[in-house]
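**Student:** let me see the structure of the following:
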Amino acid sequence: MLTTSNRGAIQPFLAMDVMAAANRLEAAGQDVVHMEVGQPGAPAPRSVRDAATKALRDGRIGYTDALGLRALREAIAAYYASHHGLEISPERIAVTTGSSAGFNLSFLALFEAGDRVILPTPGYPAYRNILGALGLEVVELATKAQDRWCLTPDAIRAAHVKSPIKGVLIASPANPSGTIMKSETLQAVIETCEELGIWFISDEIYHGLDYGMKPNCALRYSPNVVIINSFSKYYCMTGWRIGWMVLPEKALRSVECLGQSLYISAPMISQVAAIAAFDATDELEVIKHGYAKNRDFLMAQLPKIGLGNFLPMDGAFYVYCDVSSLTDDSMEFAKKSLEEAKVAITPGADFDPKLGHHYVRLSFAGTYGAMQEAVKRLGGWLG
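**Tutor:** Alright, predicted model coming up:
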């Protein structure tokens, strides 16, 4: 009898399931407000689209080196110099097929099957799913709203004493909460990992999307961390599937060899286009101003309709809202929001299997008009 592998028996990515359900409603003629996925409402910058158009007109689009086009790696290195004051050799940079490939490559290059890797909860569900599919043990450490959803050095030490930890993965700004780790906390966590011989992976895909408090790059505190970033969020290039890693030298060759076999290379046309993204700051800052306007609107209006239990969002474009006064089943709540209010939101169970049934995540990456309509519909539905 033919059977599928246990490796593939992972939990669904609920945000994507909600989006699929919302798309089916739209295909049937229903009007849906999308707040379920972290997808910018704006297209990629004009310079990015022009660069891609020129590349298509000029001729052949083919493979590149597995680590990416030299010109793009140099542009990424220049970004670290100009934005963070960090001198990073282009040789340490790997261009990837979105940040998703960066997670795959880092997990394969750094860990053996069975190794224990810490994830704070609530957190991005794909981390958990990829680690599980690769045969790694996920150690989920609960964080609290009163601690700004931040993992602490003490929690890492306690888990390591119980059974050795090989990796820690943290995102700042975080998904789903939008919180940013304070510099001293980030530094303390990285120093703890180095002391204990634990790899630290920093998910920085929401860098650039901050509203007052600035996130620090983990490379500021150690050259041994692994950085994963992407052009999807700040640069509005989700569908282009293009990201990057900054790697310690000891991990670079492993990532290169794995990339050669798993992906060959990131799409060349997306790499060419991504180079131009670094020249689009003015346009991108206008888009970011729109997110800030959406954020301010939701912070003022959500409490008026009974959805006011959330932390101020430091960065990214999400509200992680405690709805325990309204439901003890975030899955059912999100389902009814879509079916009855025609507003697509993500259940907190996606980000925290144990405690997420009391939370939902709302994305404010769309237009201001969409935010207004969402509040109107949700208010009427809850009212």
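**Student:** give me phi/psi at residue 289?
**Tutor:** phi -60, psi -30 (degrees, to the nearest 10).
**Student:** please tell me how far it sits from residue 194.
**Tutor:** Using Cβ to Cβ, to the nearest Å, residue 289 is found at 38 Å from residue 194. In short, each C-beta sits where N, CA and C put it, glycine included.
**Student:** more neighbours: which of the two?
**Tutor:** Of the pair residue 289 and residue 194, residue 194 is the one with more neighbours under other Cβ atoms under 10 Å, namely 15 against 10.
**Student:** now that one. Nearest residue, chain neighbours left out?
**Tutor:** Of all residues not flanking residue 194 in the chain, residue 222 sits nearest, at 6.0 Å (Cβ to Cβ, 6 or more residues apart in numbering).
**Student:** OK, contacts around the one you found?
**Tutor:** Residues counted as contacts of residue 222 (Cβ atoms under 8 Å, 6 or more residues apart in numbering) are 190, 191, 194, 200.
**Student:** contacts only, for the third one.
**Tutor:** This points to residue 194. 200, 222, 224.
**Student:** still on that earlier bit, quick one: the residue nearest to residue 194 is in a helix?
**Tutor:** No: with DSSP: H, G, I helix; E, B strand; the rest coil as the criterion, residue 222 is located in coil rather than a helix.
**Student:** got phi/psi on it?
**Tutor:** phi -170, psi 140.
**Student:** any idea how far it lies from residue 86?
**Tutor:** Counting by Cβ to Cβ, the gap from residue 222 to residue 86 is 12 Å.
**Student:** before we move on, what about residue 368?
**Tutor:** Noted for residue 368: a distance of 35 Å to residue 86, by Cβ to Cβ.
**Student:** strands along the stretch 251-383 of the chain, start to end?
**Tutor:** With DSSP state E, counting those that start in this stretch as the criterion, the stretch 251-383 of the chain has strands at 318-322, 343-344, 346-347, 359-363.
**Student:** can you tell me the average pLDDT over the second one?
**Tutor:** Across strand 343-344, the average pLDDT comes to 98.
**Student:** distance from it to the middle of the chain?
**Tutor:** Offset of strand 343-344 from its chain centre (Cα atoms, centre = their mean, to the nearest Å): 20 Å.
**Student:** quick one: contacts of it?
**Tutor:** If you take Cβ under 8 Å, 6+ apart as the criterion, strand 343-344 is touched by 18-19, 21-22, 32-36, 334, 337-338, 374, 377-378, 381.
**Student:** farthest pair within these?
**Tutor:** Farthest pair in these (Cβ to Cβ) is 19 and 381. Separation: 19.5 Å.
**Student:** of these two, give the one with the bigger neighbour count.
**Tutor:** residue 19 (18 against 14).
**Student:** OK, contacts around that one?
**Tutor:** By Cβ under 8 Å, 6+ apart, residue 19 lies in contact with 34, 36, 37, 344.
**Student:** nearest to residue 231 among those residues?
**Tutor:** residue 37 (16.5 Å).
**Student:** you'd agree residue 210 is up against residue 314?
**Tutor:** Yes: using Cβ atoms under 8 Å, residue 210 is in contact with residue 314, at 6.4 Å.
**Student:** these two: which is more packed in?
**Tutor:** Neighbour tally, residue 210 and residue 314, criterion other Cβ under 10 Å: the higher count belongs to residue 314, 23 against 20.
**Student:** what's the closest non-adjacent residue to the more buried one?
**Tutor:** residue 180 (4.0 Å).
**Student:** same question, residue 11
**Tutor:** In space, and not counting its chain neighbours, residue 11 is closest to residue 129: 6.2 Å by Cβ to Cβ, 6+ apart.
**Student:** phi first, then psi, for the one you found.
**Tutor:** For residue 129, the backbone dihedrals (degrees, to the nearest 10) come out as phi -70, psi -40.
**Student:** correct me, but it touches residue 13?
**Tutor:** Yes: contact criterion Cβ under 8 Å: residue 129 and residue 13 qualify, at 6.8 Å.
**Student:** helix, strand or coil for the most centrally placed residue in the chain?
**Tutor:** Closest to where the C-alpha atoms of the chain average out (Cα atoms, centre = their mean) is residue 205, at 5.5 Å. Local secondary structure at residue 205 is given as coil here, using three-state DSSP.
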